[in-house]
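Asker: Have a look at this fold, sequence not included:
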C-alpha cells in the first residue's frame, strides 16, 4: 500500500503533503497517516511549526472518501469510526506548535474541516472552499458545525452549510475563513515565508500563546486571564526567557533553544 501522507523538514518547519490522487480525499488511510505524521513532528525537537498542503494543484483535500460511506449507512454502531476522525483533527487542533494550511485548490467537506483544525490558512486564488455535505443528504461531521461558527460567526457558517455552496478564496478571506490569498502556485512559498517569521522565535512561547488563545476562547474572560497568567509564570521559568532578555540587553539577536 502506497503512502498517502509524507513530510519533509526545512529549517525548523515540517511540510506535510497529502498525496492521494486525483483529489486528495480523506480516506481512513489518509487519516491514520496524518495522525502518524503529526505525532512524529510533535516529538521532533527540531520542528517549531508545521505546514499542511495537498499534492498537485487541483485540490488541497476535496472531501471525505465517499466510497467508504456505504458501509456506514444504516450502521448504528458507526459512532466510534466517526470519533476516530474527530480525534485526529482534535490532535491537529491541539498540536503544540503553530500550524498553517495551504489551500492549493478544492477545499471541500472534510478538507475544509481539516483546514479549520489548523491555526492559520493561506489560500491560492483558484481555491474553492466549502462544506457541500448537504447535497449528499448529510451534514459536516468532522467538526465543521463547531469550528466554522467559532471562526466566521454562526449566521455565515449556517449559510455555507445550509446551501452547500463553495466560496472563492477572496470571499473566504473577506469573512475571515482564510488569513490571506496568494497567486496560484505560490501557496507553499507564502506559507514558508509566514512560518519563518515564527520559527525564529521560542517554541516555549509559541506553544503557550496557542494554549492561551485556544483555551481562553472556551471560557470566560476572567478565567482566560487566569490561564494567561499561569502560562506567563511558566515562560519565566524557561531558558529562552533568559536568552531573550540577555540578547536585548546585549543588543544582539537571541538564539532560542526551545527550552
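Answerer: That came through, no problem. Since the model is a prediction, treat every value here as computed from it, not as a measurement.

Asker: now what about the helix or strand bottoming out on mean pLDDT in the chain, what contacts it?
Answerer: Counting by mean pLDDT, DSSP states H and E, the chain has its least confident helix or strand at helix 79-93, which shows a mean of 90. Here helix 79-93 makes contact (C-beta atoms under 8 Å, 6 or more residues apart in numbering) with 26, 31-32, 34-35, 38-39, 72, 99, 110, 113-114, 117-118, 141-143, 147, 214. No exception for glycine: its C-beta is placed from N, CA and C like everyone else's.

Asker: try 10 Å
Answerer: Helix 79-93 is touched from outside by 16, 26, 28, 30-39, 42, 50, 52, 64, 68, 71-72, 75, 99, 101, 110, 113-114, 116-119, 141-144, 146-147, 210, 214, with contacts defined as C-beta atoms under 10 Å, 6 or more residues apart in numbering.

Asker: Same question for stretch 224-239.
Answerer: Contacts for stretch 224-239 (C-beta under 10 Å, 6+ apart): 202-205, 207-220, 241-242, 244-245, 256-259.

Asker: repeat that for 7 Å
Answerer: With contact meaning C-beta atoms under 7 Å, 6 or more residues apart in numbering, stretch 224-239 is reached by 204-205, 208, 211-212, 215-216, 241, 257, 259.

Asker: buried subset of these?
Answerer: Among these, those classed as buried by 16 or more other C-beta atoms under 10 Å are 204-205, 208, 211-212, 216, 241.

Asker: where along the stretch 51-200 of the chain do the strands fall?
Answerer: Residue ranges of the strands in the stretch 51-200 of the chain, as given by DSSP state E, counting those that start in this stretch, are 59-61, 99-103, 106-108, 120-124, 128-130, 167-168, 180-182.

Asker: Quick check: neighbours of the third one in the sheet, parallel or antiparallel?
Answerer: When you say that, I think you mean strand 106-108. strand 59-61 (parallel), strand 128-130 (parallel) (DSSP bridges).

Asker: what's the most buried one of those?
Answerer: A comparison of those by mean neighbour count, using mean count of other C-beta atoms under 10 Å, puts strand 59-61 on top with a mean of 29.

Asker: Could you identify the pair within the contacts of stretch 224-239 that is furthest apart?
Answerer: Using C-beta to C-beta, the contacts of stretch 224-239 span at most 27.4 Å, a distance reached by 216 and 257.

Asker: so what's residue 35 up against?
Answerer: With C-beta under 7 Å, 6+ apart, residue 35 has these contacts: 88, 91.

Asker: How much space separates it from residue 112?
Answerer: 19 Å (C-beta to C-beta, to the nearest Å).

Asker: could you point out where the chain is predicted with low confidence?
Answerer: For the chain, no stretch is flagged by pLDDT under 70.

Asker: tell me the domain boundaries of it?
Answerer: 5-199, 203-249 (automatic domain parsing).

Asker: So which of the contacts of stretch 224-239 belong to helices?
Answerer: Among the contacts of stretch 224-239, the members found in helices (DSSP state H) are 204-205, 208, 211-212, 215-216, 241.

Asker: how about the residues you listed in JSON lines, adding distance to residue 163?
Answerer: JSON lines is the format used below for the ones in helices among the contacts of stretch 224-239 (distance: C-beta to C-beta, whole Å):
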{"residue": "204", "distance to residue 163": "44"}
{"residue": "205", "distance to residue 163": "41"}
{"residue": "208", "distance to residue 163": "39"}
{"residue": "211", "distance to residue 163": "35"}
{"residue": "212", "distance to residue 163": "35"}
{"residue": "215", "distance to residue 163": "33"}
{"residue": "216", "distance to residue 163": "32"}
{"residue": "241", "distance to residue 163": "49"}
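
Asker: Looking at those, spot the one nearest residue 176.
Answerer: Within the ones in helices among the contacts of stretch 224-239, proximity to residue 176 (C-beta to C-beta) peaks at residue 216, which comes in at 18.1 Å.
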